[in-house]
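**Q** Can you look at this prediction? I've put the sequence above it.
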Amino acid sequence: MSEILRVEHLKKFFDVPAGTLHAVDDVSFTIQEGQTLGVVGESGCGKSTLGRTVLKLIEPTSGKIFFEGRDITDISKHENRELRKKMQIIFQDPFSSLNPRFCVSDLIADPLKTFGMYGKKELEERVLEIMDLVGLSRRYAYSYPHELDGGRRQRIGIGRALALDPEFIVCDEPVSALDVSIQAQILNLLQDLQDKRKLTYIFVTHDLSVVKHISTDIMVMYIGVMVEKCPAKELFARPLHPYTKGLLSAIPVPNIHHEQKRVQLQGELSSPIDPAEECRFVKRCPYATDICRCKQPTYEEVTPGHFVSCHNVREINGL
Ligand code: SF4
């Protein structure tokens, strides 16, 4: 298995009237081919901005992005366009991301037409193949998005992302807008497609339980920074950061971590605008000490393969 994506010290800041918003602040990670990195955090933590910055849909403020060993941080518009064949995105809300005036067939054909990849007859065939691939009955080829339910609309979104036969996809909250029963179908579809096509995913979600089974590794973000990253099983079995413990405590599953102290996520959120030199979780953390209020913790490997950003991680977990 080889490395497909490397992100080094990535930052994405936005100028806003109140100052500089640190949406993504010094994030680094790698993903191996065929694997899934779950990126988890509350709304506004920077996870969607991270996904879009990695895809070069928005330009990073600083840092480096390598795709298949090539530095894609400062590529030209033409190279960026070519990159779309290899790197794609599935959006949260298929309804708002689909042109309501296009039928299913046109929506799936759209990215193929943009790249002029097929003649008319081949294009029709290719669209039908993609519909089969994403489990969308061919009888919907001339239906419009508003005539279909949320699950079928998301299958169109997945079909559009797959049309160019990419290797890497950012799935940005792809099941958040769906009913729970439909969520499972879409997650199964994404896993099947990954197996069949050796796809690599970044799976962005606010809901840890959604990425439990689909992720190889999980990275937890809090107000623009990484607070914990490790293999998915390890994260659920032994979360080390107080914020991750709080997220897991909120999952209503019997027996989960019943022996661990439950951490309630209460208190005020720190601001992502010109953040102070302190731990960003300090205002909500039951374990905060003086150092947490004057120094941002560094991100370090606490046990093999398990990275955490917390001054007191060893004391909290008895390590
Ligand atoms: Fe809590 Fe301090 Fe760790 Fe931040 S560094 S998570 S405030 S103990």
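**A** Alright, I've got the coordinates. Numbers count the residues shown, from 1 in each chain.

**Q** residues in contact with the closest residue in space to Glu173 that isn't next to it in sequence?
**A** Excluding the flanking residues, the one nearest Glu173 by C-beta to C-beta, 6 or more residues apart in numbering is Gln92, at 3.8 Å. Using the backbone N, CA and C atoms, a C-beta is placed for each residue, glycine as well. For Gln92, the contacting residues are 172-174, 176-177, by C-beta atoms under 8 Å, 6 or more residues apart in numbering.

**Q** Ramachandran coordinates for Gln92?
**A** Phi and psi for Gln92, reported as degrees, to the nearest 10, are phi -60, psi -50.

**Q** Now the lengthiest helix in the chain: buried residues?
**A** Taking DSSP state H as the criterion, the chain has its longest helix at helix 180-197. Buried residues in helix 180-197, defined by neighbour count with 16 or more other C-beta atoms under 10 Å: 182-183, 185-187, 189-190, 193-194.

**Q** try stretch 140-156
**A** Those would be 140-141, 143-145, 148, 150-156, for stretch 140-156 by 16+ other C-beta under 10 Å.

**Q** does the residue of the stretch 51-200 of the chain found nearest the ligand count as helix, strand or coil?
**A** Here the stretch 51-200 of the chain gets closest to the ligand at one residue, Gly63, 23.0 Å apart by C-beta to the nearest ligand atom. Recorded secondary structure, Gly63: strand (DSSP: H, G, I helix; E, B strand; the rest coil).

**Q** just the strands in the stretch 151-300 of the chain please.
**A** 168-172, 200-205, 217-222, 225-231, 299-303 (DSSP state E, counting those that start in this stretch).

**Q** Let me have the ones you listed in JSON lines, extended by mean neighbour count, mean pLDDT and distance to the ligand.
**A** Output for the strands of the stretch 151-300 of the chain, formatted as JSON lines (neighbours: other C-beta atoms under 10 Å; pLDDT from 0 to 100; distance: least, C-beta to the nearest ligand atom, whole Å):
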{"stretch": "strand 168-172", "mean neighbour count": "25", "mean pLDDT": "97", "distance to the ligand": "27"}
{"stretch": "strand 200-205", "mean neighbour count": "25", "mean pLDDT": "97", "distance to the ligand": "22"}
{"stretch": "strand 217-222", "mean neighbour count": "25", "mean pLDDT": "98", "distance to the ligand": "9"}
{"stretch": "strand 225-231", "mean neighbour count": "24", "mean pLDDT": "98", "distance to the ligand": "7"}
{"stretch": "strand 299-303", "mean neighbour count": "15", "mean pLDDT": "95", "distance to the ligand": "11"}
